[in-house]
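A.B. asks: make a model of this:
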Amino acid sequence: MNLTALEYYREVVEAKSISKVATNRHISQSALSQNIHKLEDELGYQLLERSNKGVEPTEAGRLLFKYSGTMMRIYDKMKEELDALKYNVENVRINGYLSLVNYSLPCVLYKVKKKHPSYNFEMHAKSNIESVNDLINEITDLCFVTEEPCDDQLEYGRIGKERIVLIANASSKIPDIIDVEELQKYEMVLLDDDALTISSFLKHKLKPVGLSIDKIPIMFKVDSIPAAKSSINNNLGICFLPYMSVKKELYEKKYKMVEVRNFSIDYDIYLVAQKKHDRNRAVDDVFQYFIENGEKDFC
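C.D. replies: Next up is the predicted model:
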């Protein structure tokens, strides 16, 4: 399959326009159309049809688009590994949930890099499902997830816990210590991004103590930690956040931590990889480093 034509096809579907992609790619519309026609001839299906809204994929075209992203990522990984072989560099791709990738993982990989200077690292923030799927499809080499994997073809180990803390603006009148029932008294901002769904952890932990998340005055949900921190900065409510993401603000006394008596929504962190016989040396070295050192090296 011509991967250049496949890349053109994906861009046309996303832009819903052949002319826009041709302009962006600095090629003629006829040349672009010919590439897509060759792709259709090769597969034996019509992939695009014109409508009043522009160009739309057919049912066969939607299937191709669905799988083509994975195909392109696998091709890119193959190219990276070929380049690594040529230049004697070993690449390690790592997926993880957002707070780990943004706040905890870089300083650990810095230590690994000092020990193994020839290893290059690439980090991506993804959900648990996306991370494991990438691992199975060999698009990534290691992943950190917040749920214990259930695939016996993979190897994993629990390496620690992500500490979740209740945060308020330092000027907030909320007490430093509250009972869990008092969560119903204070306005809350809830973090729910693609990789870290605080609401699901909170809902699960509230049930055994006889409370419902519906009883908590949730002002709004945000889809990123920076958005949640912006809400705290503006004193718009309290918020459960990973400790690593607010450690600096707590030290600077911009935020304060509110203790909830006898209540925790901390969760386990698992490192997942292919079985040992399917890992190269670099991936195995990094996997073993995390298994041996756990969370103690997280900054």
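A.B. asks: from here on, just use CA atoms for contacts and neighbour counts.
C.D. replies: Noted.
A.B. asks: now do the buried residues in the particular helix or strand that has residue 219 in it.
C.D. replies: For residue 219, the host element (DSSP states H and E) is strand 218-222. For strand 218-222, a neighbour-count test (16 or more other C-alpha atoms under 10 Å) marks residue 218 as buried.
A.B. asks: strands paired with it, and their directions?
C.D. replies: Applying DSSP bridges, strand 218-222 is found paired with strand 188-191 (parallel).
A.B. asks: what average pLDDT does the next helix or strand after the partner strand get?
C.D. replies: As assigned by DSSP H and E, the chain's next helix or strand after strand 188-191 is helix 198-206. The average pLDDT within helix 198-206 is 83.
A.B. asks: show me what helix 198-206 is packed up against.
C.D. replies: Packing partners of helix 198-206 (3 or more C-alpha pairs under 8 Å, 6 or more residues apart in numbering; DSSP states H and E): strand 188-191.
A.B. asks: let me see the mean pLDDT of the strand it packs on.
C.D. replies: For strand 188-191, the mean confidence score works out to 92.
A.B. asks: who touches it?
C.D. replies: The contact list for strand 188-191, computed with C-alpha atoms under 8 Å, 6 or more residues apart in numbering, reads 197-199, 216-225, 228, 231, 236-241.
A.B. asks: list the buried ones in stretch 71-88?
C.D. replies: 71, 72, 73, 74, 77, 81, 84.
A.B. asks: so what touches that stretch?
C.D. replies: 3, 7, 89, 90, 91, 118, 137, 138, 139.
A.B. asks: and if we set it to 6 Å?
C.D. replies: Residues from elsewhere that reach stretch 71-88 (C-alpha atoms under 6 Å, 6 or more residues apart in numbering): 90, 139.
A.B. asks: then stretch 10-28?
C.D. replies: By C-alpha under 6 Å, 6+ apart, the surrounding residues in contact with stretch 10-28 are 29, 54, 55.
A.B. asks: tally of neighbours for residue 187?
C.D. replies: Residues lying near residue 187 (other C-alpha atoms under 10 Å) number 16.
A.B. asks: that should have said residue 231, apologies.
C.D. replies: 20.
A.B. asks: secondary structure class for it?
C.D. replies: Residue 231 falls in the helix class when you classify it by DSSP: H, G, I helix; E, B strand; the rest coil.
A.B. asks: likewise residue 211?
C.D. replies: Taking three-state DSSP, the label given to residue 211 is coil.
A.B. asks: which among the contacts of strand 188-191 count as buried?
C.D. replies: For the contacts of strand 188-191, a burial check counting by 16+ other C-alpha under 10 Å picks out 198-199, 216, 218, 224-225, 228, 231, 236-241.
A.B. asks: now those residues in a markdown table, with secondary structure and distance to residue 190?
C.D. replies: As requested, these are arranged in a markdown table below (DSSP: H, G, I helix; E, B strand; the rest coil; distance: C-alpha to C-alpha, whole Å):
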| residue | secondary structure | distance to residue 190 |
| --- | --- | --- |
| 198 | helix | 7 |
| 199 | helix | 7 |
| 216 | coil | 10 |
| 218 | strand | 7 |
| 224 | coil | 10 |
| 225 | helix | 10 |
| 228 | helix | 8 |
| 231 | helix | 10 |
| 236 | coil | 11 |
| 237 | coil | 9 |
| 238 | strand | 9 |
| 239 | strand | 6 |
| 240 | strand | 7 |
| 241 | strand | 9 |
